[in-house]
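[1] Here is a sequence with its predicted model. Questions after.
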Amino acid sequence: MPSKTSESTADIIATAREQDRTILSEVEAKQLLAEAGVPVVEARLAKDRDEAVAIAGELGFPAALKIVSPQITHKSDIGGVKLGLADADEVAAAYDAIIKAAKAADASAKIEGVSVQRMADAGIEVIVGMTTDAQFGPVLMFGLGGVMVEVLKDVAFRVVPITERDAGDMIREIQGFPVLEGHRGADPADIAALQDLLVTLSSFIEAHAEIAELDLNPVFAYADGAVAVDARIVLRSPQDGTTSADGA
């Protein structure tokens, strides 16, 4: 049975640097975030079909598979994502289909394998992100997911670092906050869990100045917690000359 990786944050970032990459894979990004205490759906790298089946069996069904390749960033567009896989046979077939689609999309792409994770239960979708402002430095963003962020741009921003009070203010100042309170009889989201996620993420970003961008989209908010389903981390280019606070 495959084992979990023991790579540290410093190891993962150093590996990306050695490979001249600024974009971390989903597996790498989630490992960094989990180590920092940010709740994420675990994702593991499978390098062949049998390993994908074994990992899915260990993490549980239904499973989701996604292509892992530095050259393929828009995974869904090329057929590199398969969701809701109910058993080992479906995982095996999905692995073969994803690898075939990736090779067809870019024959020269380096294919590292696929990420495997258990599908998370649906919740209220929120998005959390971070960008680097030329004047203020790292800026944290929070908003509802889906159409609320894509069309209405209903988001709140704060400069890192943030306090627990800042996190609470961010959550409550978006126009869609009533959705999180339990609109029309729906279960309310765990606001305290969302606050903790924002504060923990702020501390992680503050400790790693080499991170230029970060996206958690979606984050599912539940009545008793919250978890990031997908994660994306972009490092600063080496020419920027920045290093993390812990020497990574």
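    All right, it came through fine.
[2] Could you use CA atoms for every contact and neighbour count after this?
    Noted.
[3] now Val53: how far from Glu112?
    Relative to Glu112, Val53 is positioned 16 Å away (C-alpha to C-alpha, to the nearest Å).
[4] Of the two, give the one with the bigger neighbour count.
    Val53 (22 against 16; other C-alpha atoms under 10 Å).
[5] Tell me how far that one lies from Lys82.
    Per C-alpha to C-alpha, Val53 is found 14 Å from Lys82.
[6] joint contacts of these two?
    Between them, Val53 and Lys82 share no contacting residue under C-alpha atoms under 8 Å, 6 or more residues apart in numbering.
[7] neighbouring contacts of whichever helix or strand Val128 is part of?
    Secondary structure assignment for Val128, by DSSP states H and E: strand 124-133. With C-alpha under 8 Å, 6+ apart as the test, strand 124-133 has contacts from 138-146, 149, 180, 189, 198, 212-222.
[8] 6 Å - rerun?
    138-145, 212-221 (C-alpha atoms under 6 Å, 6 or more residues apart in numbering).
[9] what's the answer for stretch 13-26, then?
    Contacts with stretch 13-26, where a contact means C-alpha under 6 Å, 6+ apart, come from 231, 233-235.
[10] thinking again about what came up before, which strands border the strand holding Val128, and is each parallel or antiparallel?
    Using DSSP bridges, the strands paired with strand 124-133 are strand 137-144 (antiparallel), strand 211-222 (antiparallel).
[11] Could I have the PyMOL command that selects the buried members from the contacts of strand 124-133?
    Burial among these is assessed by 16 or more other C-alpha atoms under 10 Å; the matching PyMOL selection reads:
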select buried, resi 138+139+140+141+142+143+144+145+212+213+214+215+216+217+218+219+220+221
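[12] State the mean pLDDT of stretch 40-57.
    The pLDDT scores in stretch 40-57 average 98.
[13] where do the strands sit along the protein?
    Along the chain, the segments classed as strands by DSSP state E run 43-46, 63-68, 81-85, 113-118, 124-133, 137-144, 155-159, 211-222, 225-228, 231-235.
[14] Would you mind giving the ones you listed as TSV with distance to His74 added?
    Converted to TSV, these look like this (distance: least, C-alpha to C-alpha, whole Å):
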stretch	distance to His74
strand 43-46	18
strand 63-68	10
strand 81-85	10
strand 113-118	14
strand 124-133	18
strand 137-144	22
strand 155-159	24
strand 211-222	14
strand 225-228	19
strand 231-235	12
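[15] Minimum distance to Arg184: which of these has it?
    Arg184 lies closest, by C-alpha to C-alpha, to one member of the strands of the chain: strand 124-133, at 13.5 Å.
[16] Can I get the closest one in PDB, CA atoms only?
    C-alpha atoms of strand 124-133 as PDB (Å, rounded to 0.1, in the frame of the first residue of the first chain):
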ATOM      1  CA  ILE A 124     -21.300  26.000   1.000                       C
ATOM      2  CA  GLU A 125     -18.600  27.000  -1.500                       C
ATOM      3  CA  VAL A 126     -16.300  29.800  -0.600                       C
ATOM      4  CA  ILE A 127     -13.000  30.900  -2.100                       C
ATOM      5  CA  VAL A 128      -9.800  32.000  -0.300                       C
ATOM      6  CA  GLY A 129      -6.900  33.500  -2.200                       C
ATOM      7  CA  MET A 130      -3.700  35.500  -1.800                       C
ATOM      8  CA  THR A 131      -2.000  37.800  -4.200                       C
ATOM      9  CA  THR A 132       1.100  40.100  -3.900                       C
ATOM     10  CA  ASP A 133       0.500  43.800  -4.100                       C
END
